[in-house]
Each structure stands twice: as structure tokens, then as C-alpha cells.
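S.K.: 3D model of this:
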Amino acid sequence: MSLLPTLMEFNKQFVEQKQYEAYLTDRFPEKKIAILSCMDTRLSELLPRALNLRNGDAKIIKNAGAILTQPF
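M.R.: Next up, the predicted model:
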């Protein structure tokens, strides 16, 4: 059995129940910070929780190895 129908059904209910409203933000981070992080998927939930950040608090920029090679 494919996982796709299960995901689509969940998404349909998520939208119908307007659960997305808890995540609405504007484009400017509340805490006015940007964080450079590795794109490791284990950090998707761990990093914001470890820093006590909520959706919209900061811009989290993810790249391979969290390496900054140019200042701009």
C-alpha cells in the first residue's frame, strides 16, 4: 500500500480543520535572528526546540555542513 493516500488524507483534514492557522507568520522573524545550520534532517525538530524557537521566531538557513564561504 502506498503512503501517499494516507498523507493526502491527513493533509485534507489538516486544511479543513484550519490547523495551519497556529503556524501563520509574516516574513520577518520575531526575534530578529538568522541561524546557519547543517541541513541534517535530524535537526528539523531538534534545533528549534533546543533554542526555544517557535515558527516565525528566526530564519533558519540550512546548507551542507553549515559552512559559510562568502560573507554575502
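
S.K.: Show me what stretch 53-66 is in contact with.
M.R.: Here stretch 53-66 makes contact (Cβ atoms under 8 Å, 6 or more residues apart in numbering) with 23, 25-26, 29-31, 33-39, 43, 47-48, 51. Glycine gets a C-beta too; all of them are placed from N, C-alpha and C.

S.K.: Would you state the helices of this structure in chain order?
M.R.: Listed in chain order, the helices of the chain (DSSP state H) span 4-16, 43-50.

S.K.: Distance to G65, mean neighbour count and mean pLDDT for those helices - can I get that in JSON lines?
M.R.: What follows is these, written out as JSON lines (distance: least, Cβ to Cβ, whole Å; neighbours: other Cβ atoms under 10 Å; pLDDT from 0 to 100):
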{"stretch": "helix 4-16", "distance to G65": "30", "mean neighbour count": "10", "mean pLDDT": "96"}
{"stretch": "helix 43-50", "distance to G65": "12", "mean neighbour count": "12", "mean pLDDT": "93"}
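
S.K.: which stretches of the protein aren't confidently modelled?
M.R.: 1 (pLDDT under 70).

S.K.: And the strands in it, which stretches?
M.R.: Using DSSP state E, the strands found in the chain span residues 33-38, 58-63.

S.K.: Tell me which of those is the most buried.
M.R.: strand 58-63 (a mean of 15; mean count of other Cβ atoms under 10 Å).

S.K.: Tell me the neighbouring strands of that strand, and mark each as parallel or antiparallel.
M.R.: Applying DSSP bridges to the sheet, strand 58-63 is found paired with strand 33-38 (parallel).

S.K.: quick one, the strand it pairs with and helix 43-50 angle?
M.R.: Comparing the axes of strand 33-38 and helix 43-50 via axes from the mean of the first three to the mean of the last three Cα atoms, to 10 degrees yields an angle of 140 degrees.

S.K.: if we can go back for a sec, kindly reformat the helices of the chain as CSV and extend each row with distance to L68.
M.R.: As requested, the helices of the chain are exported to CSV (distance: least, Cβ to Cβ, whole Å):
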stretch, distance to L68
helix 4-16, 35
helix 43-50, 17
